[in-house]
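Participant: Give me coordinates for this.
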Amino acid sequence: MGKPTLPMKGVPKRPLKQDVTLQTLEQMAARVKNWGRWGPDDQLGTLNFVTPEDIRKAAALVKKGKSYALGLDFNSSGPQRTGWGGRFNPIHTMLATGTDAVAGTQDAGKIRYADDMVSMPLQCGTQWDALGHIFYQDRMWNGYDARLVDSTGAKKNGIHKTRDRMVGRGVLLDIPRHLGGDYLEDGFGIGNAELDACARAQGVEVRRGDFVIVRTGQMEHCLAQGDWGAYAAGDAPGLRFETCEWIHGKEIAAICFDTWGCEVRPNESTEAFQPWHWIIIPMVGITMGEIFYLKDLADDCAADKVYDFLFCGPPLPITGAVGSPINPMAIK
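Facilitator: All right, here's what the predicted structure looks like:
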């Protein structure tokens, strides 16, 4: 994993109006609602857009045989310093070590070995948000009652339902590089026009069934500084609320970011925390990837001018979970 170095050039933010009200949310929800589109029992949402032919074509994009890991290392130096929602960085514990082996404490079992375990929230690092993660009022994706996610897990829309569906054509949209910088300043709102202009400049078309990966450079800026700051739940560059319609209209399979929460922060609403989440997950039905490490992939795409690739990012099939840690791969 290449580490960015300072100095880095930021792309200045522009003032955003905080004009997304609960009424605005309701109107957007009605326009982009996909409930019932794939039947009353669906639990996959927009992953249904990916066809076997799409996967076959995506595999044909592999030319160099070069793979890029998009997962941030899972360790105690992760981004969850502020602990939003009770999240914390992974705790890695050794259950058996080489020290034990050399001391002879394992010899009664006639084998010498190391073993370990990890404790962590499922959304503390690079991860998928499942369709059971966010509710709109008292419903989740496809109209299921929010109470179907209880203390034992999600009875509908659990991440395990997607275990064989996270593969297809990936597309990188490198917004700061397109705008002449290394990273977008916190609070920079990416709108529909910026997404379209970046794709045009890169010579890549966003198509139905794509896994769209958006780079802001925020993670790289934090890594270069050696300080996560308020990365987890603090101010950040990201998508504006209007992009709910862009995502719905493009019929993409998933949206992924190198930030904690994909959408711009401060948000465009004083009445809802993460208003974009309210619509994208439960109403559009799109699986969302967060905290993606994108430097190595972005550097390669900038060098060879190829911004599409085979993407693969299966979740851990944890039954009833509303998120999953991942190490997604881009293969060129």
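Participant: can you pull the contacts of R165?
Facilitator: Contacts for R165 (Cβ atoms under 8 Å, 6 or more residues apart in numbering) come out as L44, L47, V50. C-betas here are computed from N, CA, C, even on glycine.
Participant: If we use 6 Å, what do you get?
Facilitator: L47 (Cβ atoms under 6 Å, 6 or more residues apart in numbering).
Participant: repeat for the one 5 residues further on
Facilitator: If a contact means Cβ under 6 Å, 6+ apart, then G170 has F211, I213, F309, F311, A330 as its contacts.
Participant: can I get those in TSV with distance to L72, pLDDT and neighbour count?
Facilitator: Formatted as TSV, the contacts of G170 follow (distance: Cβ to Cβ, whole Å; pLDDT from 0 to 100; neighbours: other Cβ atoms under 10 Å):
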residue	distance to L72	pLDDT	neighbour count
F211	18	99	29
I213	14	98	27
F309	19	98	27
F311	17	98	27
A330	14	98	28
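Participant: nearest to H133, of the residues you listed?
Facilitator: F211 (17.8 Å; Cβ to Cβ).
Participant: Show me the helices in the stretch 151-300 of the chain, by range?
Facilitator: The residue ranges that make up the helices of the stretch 151-300 of the chain, judged by DSSP state H, counting those that start in this stretch, are 175-178, 192-202, 218-225, 243-250, 275-279, 295-304.
Participant: Summarise which helices and strands the fifth one is packed against.
Facilitator: This means helix 275-279. Judged by 3 or more Cβ pairs under 6 Å, 6 or more residues apart in numbering; DSSP states H and E, the packing partners of helix 275-279 are helix 22-32.
Participant: So what angle separates the directions of the helix it packs on and helix 243-250?
Facilitator: Computed by axes from the mean of the first three to the mean of the last three Cα atoms, to 10 degrees, the angle separating helix 22-32 from helix 243-250 equals 0 degrees.
Participant: how much space is there between E290 and Y307?
Facilitator: Using Cβ to Cβ, to the nearest Å, E290 is found at 21 Å from Y307.
Participant: more crowded one of the two?
Facilitator: Ranked by neighbour count (other Cβ atoms under 10 Å), E290 and Y307 place Y307 first, with 24 against 19.
Participant: Surely that one is in contact with R200?
Facilitator: No. At 11.4 Å, Y307 does not count as touching R200 under the criterion of Cβ atoms under 6 Å.
Participant: which strand is the longest one in this structure?
Facilitator: Ranked by residue count, the top strand of the chain under DSSP state E comes out as strand 167-174.
Participant: quick one: that one to chain centroid distance?
Facilitator: 12 Å (Cα atoms, centre = their mean, to the nearest Å).
Participant: What mean pLDDT does it get?
Facilitator: In this model, strand 167-174 has an average pLDDT of 98.
Participant: can you state the direction angle for that strand and helix 192-202?
Facilitator: Using the same axes, to 10 degrees: strand 167-174 against helix 192-202 is 100 degrees.
Participant: what's the angle from strand 167-174 to helix 295-304?
Facilitator: Using the same axes, to 10 degrees: strand 167-174 against helix 295-304 is 80 degrees.
Participant: Would you mind putting the CA coordinates of strand 167-174 into CSV?
Facilitator: Taking C-alpha atoms only, strand 167-174 is exported to CSV below (Å, rounded to 0.1, in the frame of the first residue of the first chain):
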residue,chain,number,x,y,z
VAL,A,167,-18.4,-8.7,-9.1
GLY,A,168,-18.6,-6.8,-12.4
ARG,A,169,-17.3,-3.8,-14.2
GLY,A,170,-15.7,-1.2,-12.0
VAL,A,171,-15.3,2.4,-13.0
LEU,A,172,-13.1,4.9,-11.2
LEU,A,173,-14.0,8.6,-11.2
ASP,A,174,-11.0,10.5,-9.9
